[in-house]
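[1] Below are the sequence and a predicted model for it; my questions follow.
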Amino acid sequence: MGLKLDIQKVSQSSTLPDETLLNQWALQALDDKNKKTEILLRIVDEQESRELNKAWRNKDAATNVLSFPVGEIIEQVPELLGDVVICAPIAEREAREQGKTSESHWAHLIIHGILHLQGYDHEQERDAKIMEAKEISILKNIGYSNPYEMEKTDG
């Protein structure tokens with residue numbers, strides 16, 4: 001068994017990425033030791049994102065991506081790595097504001113969330129550099145530019 005990505009699309013957004021792309025991006029984000037794993041990817045609107053962010057992070061605002069790593073082996077689902085929740089309206093808005101394609105931004109958010117499930121974080125500067133370098137490398141390998149560089153526009 002390889003990656004099992006359970007996708008729940010509960011967002012009202014009409015511009016969600018194709019499930020084939022979601023699966024490809026998720027697989028690319030997995031370290032070799034996690035290639036046989038199960039992940040729940042839930043695509044939500046701002047209300048659910050805000051509720052989850054408030055309940056789990058004590059932040060009363062919607063956010064682009066939340067990760068909920070399992071952290072321990074569950075006997076009934078030993079391959080379960082955790083859940084990633086992406087807020088579709090925020091993802092789309094950020095892509096526009098940052099001058100990125102929707103596809104490249106979604107790829108980045110999926111990869112970012114799955115790296116969190118595997119223990120990567122960006123709370124300390126050293127850890128952030130490691131995580132960002134990994135994101136940049138994965139995205140480059142699948143044809144996307146550095147998400148931390150703003151697109152240059154004429155003007």
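    Thanks, I have the structure now. Residues are numbered from 1 along each chain as shown.
[2] Spatially central residue in this protein, please.
    residue 110 (2.5 Å; C-alpha atoms, centre = their mean).
[3] For it, give its distance to residue 118.
    13 Å (C-beta to C-beta, to the nearest Å). Any C-beta I mention is one placed from the backbone N, CA and C, and that applies to glycine too.
[4] ok, now residue 17?
    Noted for residue 17: a distance of 21 Å to residue 118, by C-beta to C-beta.
[5] do the same with residue 20
    22 Å.
[6] swap in residue 60?
    28 Å.
[7] could you pull out the helices for the chain?
    All helices of the chain, identified by DSSP state H, fall at 19-29, 46-57, 88-97, 102-117, 125-141.
[8] Next, the angle from the second one to helix 88-97.
    Right, the one you point to is helix 46-57. Between helix 46-57 and helix 88-97, the angle comes out at 100 degrees (axes from the mean of the first three to the mean of the last three C-alpha atoms, to 10 degrees).
[9] Show me the contact partners of helix 46-57.
    Contacts with helix 46-57, where a contact means C-beta atoms under 8 Å, 6 or more residues apart in numbering, come from 10, 44, 59-63, 66, 68, 85, 87, 89-90.
[10] Try it again at 10 Å.
    Contact with helix 46-57 is made by 10-11, 42, 44, 59-66, 68, 83, 85-90, 93, as judged by C-beta atoms under 10 Å, 6 or more residues apart in numbering.
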